[in-house]
Each structure stands twice: as structure tokens, then as C-alpha cells.
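Peer 1: Take a look and give me a structure for this.
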Amino acid sequence: MADERNVLKFTIYKWSSYSANYVPENIQVDNPSNQSSRWSSDSNNPPQYLSFKLEKPALVYSIKFGKYEKTHVCNLKKFKIYGGLNEENMIELLDSGLKNDDKAEVFPLRSEIDGHHFPCRFIKIVPIQSWGPSFNFSIWFVELSGVTNSDIVRSCMNWYNMYREKEAIRLCLKHLRQHHYVEAYTALEKKTKVSLEHPLLTELYNLLVVQGDFVSCERLIDRAGTEGLFYNYICEQDYKPWWNKIQPASKDKPGMRGGHQMCIDTQSECLYLFGGWEGTKDLSDLWVYHIPTQEWTCLSEDTSQQGGPSPRSCHKVCIDIERKHIYTVGRYIDSALRTEDNLKSDFFMYDIETGRWTLITEDTGAMGGPKLIFDHQMAIDTEKQIIYVFGGRVLLNASQSAVEFVRSQENTFSGLYSYHIPTNTWSCVRKDGQQIKSRIGHSMLFNTKSRLLYIFAGQRSKEYLTDLFSYDVDHDTIHTISDGMEKTGAQVPGAGHTQRATIDPELNEIHVLSGLSKDKDKRDSLQNSFWVFDIAKSRWSCIYKNVPAKHSGKISLKSSPVEPVPRYAHQLVYDHVQKVHYLFGGNPGKEGFSKLRLDDFWSLQLSRPSKEHLIRRCKYLLRKHCYQELTKSSPCDAMSYLQTELAQVVDHCDPHETKEFQLLASTLFASNEEEDDIIDYMLVDSEPQENFHLRTNLFNTLVKFFPEEMTQPNANLVDLITIP
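Peer 2: Take a look at the predicted model:
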């Protein structure tokens, strides 16, 4: 179907307003050098919009926005696009925004429902925010792309009409059942052969709402859990962080440091730590931490004495867990200590099984690899035996003349390099500026499942970056996932650098623990936050924030019993098998104590509600409702039920649920005076009706735990009725 795509013809259909000569028709001509060739609203008060009518129904796949040749305050920072077969019934196709530059942008539009393409005849652009505060909205040029082939569109149109018909019937069925119109519901279902929901949920409805058989409802909930029907709901829930301060089994452990490096061997459950800066000097000690025994072992107090690397910080390491090799490259040297001799980029390999270091080369730069760099990133493709090194700042010789130094500043950021281990060969994959912008203090991760490198954030001179892009190592292509501009209002990690990131290929997630914020001069604003990026959904979630404790205006370095103090220049590694992060050391950024570093060691586990927790919660809701019905019909039985059946499923570690459970007993002791005030006919007629509505509400609550494709429509029929 992609081969059928072409530019779609359309006419301007409606608009909210326009100012002066900036008429809507201007957007049909791409004239970036003419500042008047645009539509401009005469106000920024909502709603402002511009709608088009296609020459004929089409499958609309993308929209292209042309721009003025310079940045402009009226460009759309945020906008939404809607589409449909008629102007009264449109669905959202896009929620995004434009960069404030002169480059045209193309956006894919939503074109499927339940895996089927749907046609549009009308397209509506709704500006939300311009780049200049309080400025009117401008659109310079619009081009739509899609399919107009009559056979394809007709087939999609037929499916779409059938889909709408089916959804209309389902809304009617929902309305009839909610209002207990049993005969009408049964007749419509039988006539149309349309199901309101999955048969299992219909069974749950009959057991709960119609029969009030709470025991059978619990058995059905157990069955749903066994069949994995709660998996989607659980995956949608935010993680909760659980920090644990690790107390090593012995007193022997690494000292305080920042700018060190760690890597983890998930097969042997060993964590390796090398080098760093302890506040006054670089370190060259090598440690291993055995996770099962919780013991640190010093493998070398000074690796340079065993033919290994000299003391260093701001270097990088990666590990080949199959061959048990650790690689390290790069380091920082103070400008006053730099000479031509020590500005070579040495490259080492440590053999874990033999305990020996190998100097692969004295200078990677001489082999076609990166020059001596620091604050770069390093990742390994174990399958194809390739190491990738990206970014970092090239160290310059302090003896250069001032003119040479200023000139060389333009080329001090290193590009993307690859190193093929079997052939000992370096290659420059991308120079700085060739589709990617080099930086320092960023993160780079390799996804072994998708075989993509992910590069996130960092700093380039005075520019702080929050972009996220991927590099396909097999096809040599780059894809921008997010430019970090927060155009849709969604949360993204704040601008900064020295954040630490890990990846879970099985869960398809990237984890980021923030480091030094953009406002780095304000140390009292230093905080750590933990973010999870869902790669499939392209969505960030902030699950943890930590700000420094303050006492009399001073920052406390005493860690909370439940979480580490804020820091930067720390190190974080991830055991993707056991799903545990490990954090060591860093710089607390305490004013007046520039040499102070940390030596605390933490584990972090991210947890979501388990299937068992969700099943227990469902049973609690069912038994609570059963108890509330018993209080009206048999108070004695209700008290016994409260103390036995209901008490068994209460989460006594949850303060809210515990308090709710304790208050339930009070419903048994309503005063007789209140009961005497109830009118007799209400006692007779209202209780069954009240039970029906309360059971229906409980059913609607339980249904939220099931996959959306199994449930009744979210919309309500009465909400579609407008008041004339």
C-alpha cells in the first residue's frame, strides 16, 4: 500500500480567523522566502483552527509542514490534528509540535483502528501554542500524503462503516444493560449477533450483577489471572522504587570516589569497579563484588603495576560476558599536566579468568580510532564482537598557542567509532556533525534484541541536550526518537549531563538516573530522579525524585534509611536477569567541600503490582461489597463475614486499605432513629435497585483490569445527545 501513496489534493474548507493578507489559501503554496506566504490567525485565543476538505476520501498517512526561511515566533510549538469522513465526527490523528527552525517537517498520522485503515475526507489543524508567548499562530505550507486508489479506499470505507455500525450497536447494548432493560438488550443482541464484550466478562456480569454470586466471581478472577488477562493492566502501572543500602559482608571495600566505572557480569553475578577520582588524585584500583555473598574483593590496588591502565577517571569500560573480557579506553588529564607524550589514547583489555591485562594499543587515534577523550560512552555488541565509542571531548595540548587552541575548540568533540575485536580494527562510523551531534556526559546503550544503539542527552559546550536517537548498527541508519523539546507537554528528563542509563532488552525499557542539572552553579538544587522510557510506546515516566535534605540552609550528606543522597559523577549498573540496579559513590556537590566524594553502595529494584496482588485486590473489592449487602439483610452474618472472609484479603501493609477496613464495622451500628426515618416503600422497592446500581459500579471497576479489547465501550450513549 505504501507504493500507492501520493500528494493529496484539498481545498480550504473552514477557518477560525485570519489577519490582514495572511489568508488560509496561502498555505497551499510553498514559498519559504516570502514572509507573507502564510495563514495567520488574528488571535491566539482558543479555539483557532484551519480545516481542509480532500478532493475525495483517502487514507491520509502523513502531513508535511513547510516553514519560513528563518526562525519565527508564530511557528506552532504545539498543535493537534483531527480527521474524519465528516466535520462533525473527527478523531485525533496527531498531537505534536514544530521545531522553531527553517526545515520542513513530516509527521506520520494515525491511520488505523484495530489494525484496519480508515479513510478521511476532512482534516483539521488546531494550533495550541506558538513559539513566541502571546503571539498569533502561523502556518506557512501544508502538504498531505496518502492513498486515493478507489479500490483500496472503498474497501477501507466498507470496513469503517461496518465498524461504526457495530460500535453504535455496542453503545446501545451497554445503555440497555446499565438501565436493566433486559428484554430489549436480549432482543438487540439476538437480532444483530453483536457482542457487547468478551464472553468471560459477560459471565462475570451475570455472576456479579444479576446473581450476586460473589464466590463464583472470585473463581472467575482466579481463572482470568491464570490466563494472563491482567498482564496489560500491570504493564501500564507506574513502577515503584525500592532502595536498599548494601552493607558488605566484610570491611574491605572500595573507598570514596567519583568519575569511576562499573560493569556487571550477569552470568557470574559479579560487579566490577575500576578507577575514579577520590578528591585529590586519580585511582587505578580494580574491585569485584560478588552479589550472592555480598563481598568486595580487591583484585589490584594499582593496575599499572600489573601491566594495566594508569590511574584515571572519566574513562569508560564495557564487558564481554561471554568471553569474560573487560575493555577500557579514555581518561581525563588536567590541562596543566598535559604533554605530547601523555595525550595518547591507550586501550586495555582485562581477562577476568586469568587476571591479566593486555595493552591493545598505545594510541587508538593512530589506528583510526578516537583520540584521547573523556566523558564519552562505550558499548559492546557481544554477538558480532564490535565495540562502539561515541562522543567525549578530545584532550588538547596546553602548550598550543592561544590561536591554535581557540581554532581547535571547534573540533574537540569526538564522533562515533567502532572497534572490531577479532581484526583489531577501528573505523569512524560518523564524524561529529554527520547526522549526529557529538557531546559529553551523555548515555549510550546497546539493545541486543533490536540491535540498536540508543544515545540520550548530554552537553555540548553551553548547550544542554535532552534528545534521544537510535543508530541501527546493521543498516547504518539513524532515527530521532525525541528531540527533547517537550512539544506535547509530556514529561521528559530535565536537561543536564552525567546521568546514568541502563537498558532491559526483554522489557524493552531504558532506565535513566539523572545527574548534574543544567543549573549546575546552584548546588542546593542538585537532585536525582529516576526515569523509565518505554521504547515501544515512546513514552517517559518519572518514578522517583530525590532532593537534598536541608538543615539550617546546609545540605546534609547523611543518607535517608530508604534512599541515597543526591549526587552526580556516580555509577550505575543493571542486572537485567534479576532486575536490580546497583549504585556506587559519586560527588554530593556540597558547597565548600569540593574534594568530598561518596563510598555508599545501593541496590534499586523497580516493582509493579504483581498478578497475585491484583487478584487479592479484586477479591477485597468483591468481599467488601458482599459485606455491605449483608449489613442490610443480616447484620450478625455481616459481622462474622467481616472478621473472617473479608479480613483474610485485606492488605494490612496498606494504610489506606487498613483504615477503610476498620471503618467498615461502623456501618453495622447505624442508629435506630435513622432507620425509623426510612419510608416503608423505599425499604421494599429501593434495595434491589440500589444493589443493581452498586453491583454495576463494582463490575465497571473490575473491568478496568482487563484488556481494552475485551471490554464494553468506554463511551456512553447519553453523552452523544446534545442540547439544541
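Peer 1: so what's Ser538 closest to, chain neighbours aside?
Peer 2: The shortest distance from Ser538 to any non-neighbouring residue, by CB to CB, 6 or more residues apart in numbering, is to Ile481 (6.1 Å). To be clear about C-beta, it is placed using only N, CA and C from the backbone, and glycine gets the same treatment.
Peer 1: Which strand or helix spans the one you found?
Peer 2: Per DSSP states H and E: Ile481 is located in strand 477-482.
Peer 1: Dump that strand to PDB, restricted to CA.
Peer 2: Output in PDB follows, covering the C-alpha atoms of strand 477-482 (Å, rounded to 0.1, in the frame of the first residue of the first chain):
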ATOM      1  CA  THR A 477      20.800   4.400   9.800                       C
ATOM      2  CA  ILE A 478      19.900   7.000  12.400                       C
ATOM      3  CA  HIS A 479      16.400   7.600  13.800                       C
ATOM      4  CA  THR A 480      15.400  10.500  16.000                       C
ATOM      5  CA  ILE A 481      13.000   9.300  18.700                       C
ATOM      6  CA  SER A 482      12.700  12.600  20.600                       C
END
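Peer 1: What mean pLDDT does stretch 657-675 get?
Peer 2: Average pLDDT, stretch 657-675: 72.
Peer 1: pretty sure Cys314 contacts Ile373?
Peer 2: No. Using CB atoms under 8 Å, Cys314 is not in contact with Ile373; the gap is 9.0 Å.
Peer 1: Quickly run through the sheet partners of the strand holding Ile481, with directions.
Peer 2: Strand 477-482 pairs in its sheet with strand 463-472 (antiparallel), by DSSP bridges.
Peer 1: Give me the contacts around the strand it pairs with.
Peer 2: 416, 429, 436-437, 439, 442, 451-459, 477-484, 492-497, 518, 533 (CB atoms under 8 Å, 6 or more residues apart in numbering).
Peer 1: which residues does the nearest residue to Tyr544 once chain neighbours are set aside contact?
Peer 2: Excluding its sequence neighbours, the residue lying closest to Tyr544 (CB to CB, 6+ apart) is Phe530, at 3.9 Å. Listed by CB under 8 Å, 6+ apart, the contact partners of Phe530 are 241, 511-514, 542-545, 604.
Peer 1: In strands, which of those appear?
Peer 2: Judged by DSSP state E, the subset of the contacts of Phe530 located in strands is 241, 511-513, 542-545, 604.
Peer 1: Just the buried ones among these, please.
Peer 2: With burial judged by 16 or more other CB atoms under 10 Å, the buried subset of these is 241, 511-513, 542, 544, 604.
Peer 1: now the contacts of Phe530 in CSV, with pLDDT?
Peer 2: Listed next are the contacts of Phe530 as CSV, based on pLDDT from 0 to 100:
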residue, pLDDT
Pro241, 93
His511, 96
Val512, 94
Leu513, 93
Ser514, 85
Cys542, 91
Ile543, 91
Tyr544, 87
Lys545, 86
Leu604, 97
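Peer 1: So what's the residue count around Asn397?
Peer 2: 14 (other CB atoms under 10 Å).
Peer 1: which residues of the stretch 551-700 of the chain score low on pLDDT?
Peer 2: For the stretch 551-700 of the chain, the stretches with pLDDT under 70 are 551-561, 669-687.
Peer 1: typo on my end, the chain
Peer 2: For the chain, the ranges with pLDDT under 70 are 1-3, 398-411, 484-490, 496-497, 516-526, 547-561, 669-687.
Peer 1: in the stretch 201-350 of the chain, which spans are strands?
Peer 2: 240-245, 261-265, 270-277, 282-290, 295-300, 316-320, 325-329, 347-351 (DSSP state E, counting those that start in this stretch).
Peer 1: Would you mind putting the ones you listed into CSV with distance to Leu572 alongside?
Peer 2: As requested, the strands of the stretch 201-350 of the chain are exported to CSV (distance: least, CB to CB, whole Å):
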stretch, distance to Leu572
strand 240-245, 12
strand 261-265, 8
strand 270-277, 11
strand 282-290, 14
strand 295-300, 17
strand 316-320, 13
strand 325-329, 17
strand 347-351, 21
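Peer 1: ranking these by burial, who's on top?
Peer 2: Among the strands of the stretch 201-350 of the chain, the stretch with the highest mean neighbour count (mean count of other CB atoms under 10 Å) is strand 270-277, at a mean of 24.
Peer 1: Tell me which other helices or strands it touches.
Peer 2: Packing partners of strand 270-277 (3 or more CB pairs under 8 Å, 6 or more residues apart in numbering; DSSP states H and E): strand 261-265, strand 282-290, strand 316-320, strand 325-329, strand 580-586.
Peer 1: Mind doing that once more with 7 Å?
Peer 2: strand 261-265, strand 282-290 (3 or more CB pairs under 7 Å, 6 or more residues apart in numbering; DSSP states H and E).
Peer 1: The residue nearest to Tyr544 and Gly279: what is the separation?
Peer 2: The gap separating Phe530 from Gly279 is 26 Å, by CB to CB, to the nearest Å.
Peer 1: what's the farthest-apart pair in the buried ones among the ones in strands among the contacts of Phe530?
Peer 2: Within those, Cys542 and Leu604 form the most distant pair, 14.6 Å apart (CB to CB).
Peer 1: Report the contact partners of Ser41.
Peer 2: Applying CB atoms under 7 Å, 6 or more residues apart in numbering to Ser41 gives the contacts 16-19, 48, 136-137.
Peer 1: Now for the closest residue to Met378 other than its chain neighbours: which residues touch it?
Peer 2: Nearest non-adjacent residue to Met378, counting by CB to CB, 6+ apart: Lys316, 3.9 Å away. By CB under 7 Å, 6+ apart, the residues touching Lys316 are 261, 328-330, 376-378.
Peer 1: Export these as TSV, with columns for distance to Phe706.
Peer 2: What follows is these, written out as TSV (distance: CB to CB, whole Å):
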residue	distance to Phe706
Gln261	46
Thr328	50
Val329	51
Gly330	51
His376	47
Gln377	42
Met378	44
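Peer 1: out of those, who's nearest Thr502?
Peer 2: Among these, and counting by CB to CB, the member closest to Thr502 is Gln377, at 12.5 Å.
Peer 1: How many residues are close by that closest one?
Peer 2: 25.
Peer 1: Report the contact partners of it.
Peer 2: 316, 390-391, 442-444.
Peer 1: 8 Å instead, please
Peer 2: Here Gln377 is in contact with 316, 389-392, 442-444, 455 (CB under 8 Å, 6+ apart).
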